[in-house]
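>>> Just a sequence and a predicted model for now, questions to come.
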Amino acid sequence: MSDFDRIDEVVAHGLCVMCGTCAGICPTNAIIFDEKDFPNIDLDTCTNCGLCIQVCPGYDVNFPELYSRLFDDTSGLQTLTGNFDDVFCAYATEESIRRNGAGGGVVTQLLAYLLEKKEVGSAVVVCADEAHPWESKPRVVRKRRELRKCSQSRYTIVPVNQVLNQVSKIEGKIALVGMPCHIQGVRKAMEVNKALKEKIYITIGLFCELNIEKEATEELIKLRKIPFGEIEKFQYRAGDWPGHVKVWLKDGTNRQIEFFDHISDTLNYLKCIYFVERCLSCIDLGSELADISVADAWIRDHRGEWYFKGSVGWNTVIVRTETGKEVIKNAINDGALGIKRLPQEYIFNAYNRLAGHKKSRAYSRMKFLKKKGLKFPDYHFDLSSIVGVRCLKWELYRVCAWVRKIPFVRYLVIRIAFSVLGITFIKFKTRLKKRKFRNSVKLEEM
Ligand SMILES: Cc1cc2nc3c(=O)[nH]c(=O)nc-3n(C[C@H](O)[C@H](O)[C@H](O)COP(=O)(O)OP(=O)(O)OC[C@H]3O[C@@H](n4cnc5c(N)ncnc54)[C@H](O)[C@@H]3O)c2cc1C
């Protein structure tokens, strides 16, 4: 029995992940997402069927049960990586897809490949809103050429799964790309709706440490004094890998918002102020319930420098299920993906620290919410064996969650982050990071 009867109660308790699954599953289309990306119910249309609550990953994800549906051996649940069959680094062999991708373009290349081979008839993706290019929206794409407009990471919340209500009307199977919370919602929805289960051929999950509020993007644009009405195109990862936040204007000019490379730069630090609070209780860095998980290949060598150097990106690919295995095997054999194998520990060294932080942070936050008598998500398994006792990151975010409520702090942080002081601090932190993430083994250079 759930503690909740309706989706607005999940929102009221701060547990909504804004994934859109409730709206996507609603048989009467009674749920609409508002400007802040929260679901609203039209009570005149709602029939109280309870489906929205059944599929909601905000307050409950039964990881052990979903794991047992996907894998024969579920031991990965008690690890930082989750269950997997294979892991390697890869890139899209189509140069334009690779160049236009967030990392190595693997996600877009896989979708293009599946559409071309007619394994799927459409793909659920995220693209820029045409009227407001700095905003993002989900889209069901049927043509390969349309995919190009929907590549790249959009560092903001998008209720992707709301388009699930369109897919029953679409011919053929679908591939869905999403963050860990989207994949959790889809897996829950597939359990209650058998037609959807038949329809979804493959889920491709992205890595996610935490997502950022829409306001972060808007504040960056305001900071650079760019008139919203003049914006023609907006990208978070424009140009050579790892890319910069960049705006193209209607007068043909363009403006770069950040100064250094993406990972060491301000957008990452803005997370401290603009993080989505519900993400602090999420335990899933690597989309553990997806068929295939894809990350940027943020892998450092023995000196702490990027292992993959150069202007084009690479991805880390984790193959989890039988479907994932089949698709990847065919994509490699048909030349859609180029790959490089590195020792598994070498690759996971780059992510396990973050995965550990994420799980520890969520564990600490949930303990905190419990102590305060507040509701928290139920993942149906004991995390204590895989998390640290004390999570400093949680302590930091706890302070930030309080401090960021003061409008002046937001005003100040974004300005300091872009000042000489902020940039010096970021450079210093990047040097420390290089030391922390150094790989102990020296591998042959690329
Ligand atoms: C908010 C966010 C946080 C992330 N955090 C990390 C991280 O901590 N570590 C890491 O290694 N990687 C992270 N990633 C993933 C990374 O940025 C790349 O998306 C991933 O490596 C795939 O790269 P690609 O070149 O194959 O993608 P591309 O071929 O460029 O395709 C990207 C795909 O992502 C989809 N997409 C973009 N934005 C969103 C969104 N907001 N919600 C759902 N789908 C979206 C697009 O529709 C597209 O299909 C994050 C991505 C996002 C959106």
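Structure received.
>>> going forward, measure contacts and count neighbours with C-alpha atoms only.
Noted.
>>> Name the residue closest to the centre of this structure, please.
Among the residues of the chain, the one closest to the centroid is Met179, at 3.4 Å (CA atoms, centre = their mean).
>>> Surely Val125 forms part of a strand?
Yes: remark: Val125 belongs to a strand, assigned using DSSP: H, G, I helix; E, B strand; the rest coil.
>>> from what I can see it touches Val140, true?
Yes: the pair Val125 / Val140 is scored as a contact, 6.4 Å apart, by CA atoms under 8 Å.
>>> how close does Gly310 sit to the ligand?
Using CA to the nearest ligand atom, to the nearest Å, Gly310 is found at 15 Å from the ligand.
>>> what about the closest residue in space to that residue that isn't next to it in sequence, which SS state?
Closest residue to Gly310 in three dimensions, ignoring its sequence neighbours and counting by CA to CA, 6 or more residues apart in numbering: Trp241, at 7.5 Å. Secondary structure, three-state DSSP: Trp241 is coil.
>>> Count the neighbours of Trp241 for me.
Burial of Trp241 is recorded as 22 neighbouring residues (other CA atoms under 10 Å).
>>> pLDDT score for it?
Looking at Trp241, its pLDDT reads 89.
>>> Name all residues that make contact with it.
Applying CA atoms under 8 Å, 6 or more residues apart in numbering to Trp241 gives the contacts 102-103, 310-313.
>>> what sits against Lys149?
127-128.
>>> now it: how far from Cys127?
Between Lys149 and Cys127 the computed distance is 7 Å (CA to CA, to the nearest Å).
>>> With Gly20 instead?
For Gly20, the distance to Cys127 - CA to CA - is 16 Å.
>>> The two: which has the busier surroundings?
The neighbour comparison of Gly20 against Cys127 (other CA under 10 Å) goes to Gly20, with 29 against 22.
>>> Show the contacting residues for the more buried one.
So Gly20 contacts 33, 39, 159-163, 182 (CA under 8 Å, 6+ apart).
>>> Any idea how far whichever strand or helix holds Asn330 is from the middle of the chain?
Using DSSP states H and E, Asn330 sits within helix 322-333. Relative to its chain's centre, helix 322-333 lies at 22 Å (CA atoms, centre = their mean, to the nearest Å).
>>> Now do that helix: everything it contacts.
By CA under 8 Å, 6+ apart, helix 322-333 touches 85, 110, 113, 201-202, 291-292, 319, 337-339.
>>> redo that, cut-off 7 Å
Contact with helix 322-333 is made by 202, 291-292, 319, 337-338, as judged by CA atoms under 7 Å, 6 or more residues apart in numbering.
>>> same question, stretch 276-290
Applying CA under 7 Å, 6+ apart, the contact partners of stretch 276-290 are 14-17, 81-82, 179-180, 183-184, 203-213, 293, 355, 358-359, 361-362, 365-366.
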